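S.K.: test case, fold it:
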Amino acid sequence: MNKDHLLQIFTNYINDFETINNNDHQEYYKWQIIKRFHNEMDKALDAPDNEFPSKLLALKKLTENLIDSYTQPFYGLVRFAEKEPDTVRKMFRMLFSADNGDLENRRQRISAFLNQSHSLRDRHFPNSYLYKDDMHSVTGYLFLYDPDHNYIFKATHAQAFADCVEFYDDWGSGDSVKLDVYYRMCDQLVEAIKSNKELMATDASRFSSGWCVDPQTLYADPEKHILAFDLIYCCSTYGLFDGISFERPKTKERQLMQERKEKALLLSAEYEKAKENHRRLEDAQGYVNSVYCEGRKVYHKLYGTGIVIENNGTIITVDFPEHGEKRLGTFVSTANGIISLDEAGYNKRISEYKEVLSRGDSIIYTLNNAEKSLAPYIEFLE
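M.R.: So this is what the prediction gives:
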């Protein structure tokens with residue numbers, strides 16, 4: 001590593017430490033998440049099948065955007081656990097099993113986790129590209145569970161840091177990252193961190209009573225692996241490369257990268273809009289199904305009054321005394337005013353939901369298409 005470049009990064013981090021951890025940025029949240037993650041994950045893994053998905057969802061929410069951001073691999077595991085809880089539980093137990101520092105064994109367990117996760121996605125949600133686990137997410141689970149023996153891998157941030165400090169060993173890409181090479185860079189960074197008195201003193205200040213968070217909520221980070229990741233991440237996010245001259249991509253490569261980033265931002269905005277429309281559709285469909293429950297009196301424009309005898313989620317079967325049983329598309333019939341009922345606030349709610357209910361298939365198609373379009377550009381959003 002280039003020691004001068006590394007020292008400048010440390011200096012910039014120390015100078016910007018208050019900004020990085022103020023109320024606007026709160027990067028100390030990494031220490032807070034890890035303080036709770038191990039114990040809560042153990043409780044989740046010990047929970048019965050019917051509770052496991054909800055406890056996993058709570059863990060996903062705890063991690064905020066550390067794992068899930070533009071992609072949603074952790075949430076994908078929650079959805080997989082709804083279908084096959086024991087499979088997902090075994091995946092995590094195997095991933096977290098002890099290896100006594102054998103990085104090849106760890107790499108194989110990461111690879112096995114990835115393969116199983118990809119298989120679950122293909123089996124249950126083949127069109128949900130954003131549920132795809134990768135090296136970032138799986139090393140993230142390991143890091144959150146046991147930070148003292150693991151490092152989290154975030155490709156773009158790690159590569160920019162490596163270029164700056166002139167760490168030129170190739171760790172590969174995609175699902176085939178050479179764990180030993182990446183860990184070697186991180187180990188060298190940790191060694192430099194521990195030997196820098198000013199940086200260690202700055203890091204220690206986060207645990208003092210002078211900060212805006214309770215020190216008891218922070219993981220102690222004795223091995224400084226969290227600090228190492230924070231440095232790598234903050235270099236790209238908070239401009240810690242300032243004052244350092246190092247080789248960057250050539251002009252054409254930089255232009256192409258910028259074009260891809262702009263395309264990625266555009267596709268991301270389209271995806272977020274599609275996701276919001278889908279959320280509104282789910283809200284609308286949930287409300288409609290809740291009111292058109294079995295035994296409910298329904299009014300039909302043509303058939304008059306009837307009683308709901310079955311609701312399968314998309315179709316209701318209604319028994320009309322003078323016309324017999326009729327199967328009706330719940331959402332289309334509701335949106336078009338073909339069916340209605342006497343419910344306080346019903347007309348107002350349906351008026352609000354009519355637009356999304358009437359184009360439900362289009363909303364689902366648009367969301368799936370937005371996911372597919374964004375998938376190849378995800379890396380440019382990191």
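
S.K.: center of the chain, which residue is that?
M.R.: Computing the C-alpha centroid of the chain and ranking residues by CA atoms, centre = their mean puts D68 first, at 1.3 Å.

S.K.: show me what contacts that residue?
M.R.: Applying CB atoms under 8 Å, 6 or more residues apart in numbering to D68 gives the contacts K60, F74, Y75. Placement of C-beta: from N, CA and C, glycine included.

S.K.: for K43, which non-adjacent residue is spatially closest?
M.R.: K55 (6.7 Å; CB to CB, 6 or more residues apart in numbering).

S.K.: what packs against the host helix or strand of that neighbour?
M.R.: Taking DSSP states H and E as the criterion, the element that holds K55 is helix 52-62. Helix 52-62 is packed against helix 29-46, helix 73-83, helix 85-95, with contacts defined by 3 or more CB pairs under 8 Å, 6 or more residues apart in numbering; DSSP states H and E.

S.K.: list the buried ones in that helix?
M.R.: F52, P53, K55, L56, L57, L59, K60, L62 (16 or more other CB atoms under 10 Å).

S.K.: got the CA coordinates for it in CSV?
M.R.: Only the C-alpha atoms of helix 52-62 are listed here, as CSV (Å, rounded to 0.1, in the frame of the first residue of the first chain):
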residue,chain,number,x,y,z
PHE,A,52,-39.1,-17.0,11.4
PRO,A,53,-40.0,-14.8,8.4
SER,A,54,-41.3,-12.0,10.6
LYS,A,55,-38.2,-12.1,12.8
LEU,A,56,-36.0,-12.1,9.7
LEU,A,57,-37.9,-9.1,8.4
ALA,A,58,-37.2,-7.3,11.7
LEU,A,59,-33.5,-7.9,11.1
LYS,A,60,-33.7,-6.7,7.6
LYS,A,61,-35.3,-3.4,8.9
LEU,A,62,-32.6,-3.2,11.6
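
S.K.: longest strand in this protein, by residue count?
M.R.: strand 304-311 (DSSP state E).

S.K.: what strands flank that one, and is each parallel or antiparallel?
M.R.: Strand pairing for strand 304-311, determined by DSSP bridges: strand 297-300 (antiparallel), strand 315-320 (antiparallel).

S.K.: need the contact partners of that strand.
M.R.: 289, 292-300, 316-323, 325-326, 330.

S.K.: now that strand: how far from the chain's centre is it?
M.R.: 41 Å (CA atoms, centre = their mean, to the nearest Å).

S.K.: avg pLDDT for that strand?
M.R.: For strand 304-311, mean pLDDT rounds to 96.

S.K.: list the buried ones in that strand?
M.R.: In strand 304-311, the ones that count as buried by 16+ other CB under 10 Å are G306, V308, N311.

S.K.: I'd like the distance between the first one and K30.
M.R.: Looking back up the chat, that one is G306. When CB to CB, to the nearest Å is the yardstick, G306 and K30 sit 57 Å from each other.

S.K.: likewise for the last one?
M.R.: Applying CB to CB, the value for N311 to K30 is 45 Å.

S.K.: what's the answer for C293, then?
M.R.: For C293 relative to K30 (CB to CB), the value is 45 Å.

S.K.: give me the neighbour count for Y168.
M.R.: Residues contacting Y168 under the criterion other CB atoms under 10 Å number 8.

S.K.: who touches it in this structure?
M.R.: Per CB under 8 Å, 6+ apart, neighbours of Y168: A162.

S.K.: in terms of secondary structure, what does the one helix or strand I232 maps to contact?
M.R.: Applying DSSP H and E as the criterion places I232 in helix 225-237. Judged by 3+ CB pairs under 8 Å, 6+ apart, the packing partners of helix 225-237 are helix 3-15, helix 29-46, helix 155-165, helix 179-194.

S.K.: if we go to 6 Å?
M.R.: helix 155-165, helix 179-194 (3 or more CB pairs under 6 Å, 6 or more residues apart in numbering; DSSP states H and E).

S.K.: pick the most deeply packed of those.
M.R.: Neighbour counts (mean count of other CB atoms under 10 Å) averaged over each of the helices and strands packed on helix 225-237 peak at helix 155-165, with a mean of 20.

S.K.: where's that one relative to the chain centroid, distance-wise?
M.R.: Average the C-alpha atoms of helix 155-165, do the same for its chain, and the two points are 22 Å apart (CA atoms, centre = their mean).

S.K.: let me see the contact set for H38.
M.R.: Y145 (CB atoms under 6 Å, 6 or more residues apart in numbering).

S.K.: so for it, what's the pLDDT?
M.R.: pLDDT, H38: 98.

S.K.: circling back to that earlier point, in ChimeraX, how would I select the buried members of the contacts of strand 304-311?
M.R.: Buried subset of the contacts of strand 304-311, written as a ChimeraX selection, criterion 16+ other CB under 10 Å:
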select :289,292,296,298,300,316,317,318,320,326,330
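
S.K.: I'd guessed the residue nearest to K43 sits against A44; true?
M.R.: Yes - using CB atoms under 6 Å, K55 and A44 qualify as a contacting pair, with a distance of 3.8 Å.

S.K.: re the thing from before, columns distance to C164 on top of the buried residues of helix 52-62, output as CSV?
M.R.: CSV is the format used below for the buried residues of helix 52-62 (distance: CB to CB, whole Å):
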residue, distance to C164
F52, 42
P53, 41
K55, 40
L56, 37
L57, 38
L59, 33
K60, 32
L62, 32
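
S.K.: what's the angle from the helix holding I232 to helix 155-165?
M.R.: 90 degrees (axes from the mean of the first three to the mean of the last three CA atoms, to 10 degrees).

S.K.: show me what the helix or strand just after helix 225-237 is packed up against.
M.R.: Once the chain leaves helix 225-237, the next helix or strand it forms, by DSSP H and E, is helix 251-291. Judged by 3+ CB pairs under 6 Å, 6+ apart, helix 251-291 is in contact with helix 346-358, helix 360-374.
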